[in-house]
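Visitor: here are the coordinates; sequence isn't available:
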C-alpha cells in the first residue's frame with residue numbers, strides 16, 4: 001500500500017498586477033492557512049517521505065510553511081514541470097518516483113490537482129471525501145489517497161482510494 005498526498009498551494013496574492021504569475025507570493029490568508037495544514041498533517045501522522053513541489057513561488061512558500069510544522073526534515077524536489085501541469089503530467093511525475101518511497105506528496109496548482117484527484121479516486125473512496133471533492137477544491141486543499149500498488153509506476157486513473165479531503169476552512 002502506498003499513500004499519495006495532493007496539496008494545492010495556499011491562497012496567493014494578486015496585489016502586484018505587474019508580477020508574473022509564476023512569481024506571485026502567498027497572501028495573508030495563505031500564510032495563515034499553510035501552517036495549519038502542516039499542524040494537521042503532523043498531528044495525524046500524515047508525513048510524506050518525499051515532496052515534489054512546483055517551482056512557482058506560491059507553491060514553494062506553501063510547502064515551506066507546511067514543513068515548519070512537521071517536526072522533521074522532508075526531502076523535496078522542486079520541479080518546474082509541475083507548474084500549472086495537466087493531470088497527465090502530474091501522474092507521469094508520480095509514476096517516475098522510486099519504489100522505496102511509500103508516501104509521496106505533490107504541491108501544485110489547479111486545475112491539475114483537482115482534476116488528478118477526481119481521476120485517481122476509484123472504488124473504495126470515502127463518500128464524504130468524494131462529495132467534498134465534487135463541490136470544490138479551493139487553495140490549500142489536501143487530498144489523501146491510499147493506493148494498492150506495488151510501485152508508483154503502476155498507478156493508473158481510478159487506482160487510488162480517496163480517504164480524506166481537507167480544506168483550510170475546516171481547520172479553523
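Guide: Right, received. Where do you want to start? Quick caveat, the model's predicted, so the values are computed rather than measured. Residues are numbered from 1 along each chain as shown.
Visitor: ok, the nearest residue to residue 134 once chain neighbours are set aside - how many residues close by?
Guide: The spatial neighbour of residue 134 that comes closest, neighbours along the chain excluded (C-beta to C-beta, 6 or more residues apart in numbering), is residue 118 at 7.8 Å. Every C-beta, even on glycine, is put in place using the N, C-alpha and C of the backbone. By other C-beta atoms under 10 Å, 17 other residues sit near residue 118.
Visitor: from what I can see, residue 118 looks like it's in a helix, true?
Guide: Yes: Residue 118: assigned to a helix according to DSSP: H, G, I helix; E, B strand; the rest coil.
Visitor: per-residue confidence at it?
Guide: pLDDT, residue 118: 98.
Visitor: My guess is it contacts residue 132. True?
Guide: No: the pair residue 118 / residue 132 is not scored as a contact, 11.6 Å apart, by C-beta atoms under 8 Å.
Visitor: Can you tell me the closest non-neighbouring residue to residue 22?
Guide: residue 56 (5.1 Å).
Visitor: my read: the one you found touches residue 19, true?
Guide: No: using C-beta under 8 Å as the test, residue 56 is too far from residue 19 to be in contact (11.7 Å).
Visitor: what about those two, which has more around it?
Guide: A count of neighbours by other C-beta under 10 Å puts residue 56 above the other of residue 56 and residue 19, at 24 against 13.
Visitor: Next, find the distance separating the more buried one from residue 6.
Guide: Remark: distance between residue 56 and residue 6 (C-beta to C-beta, to the nearest Å) = 16 Å.
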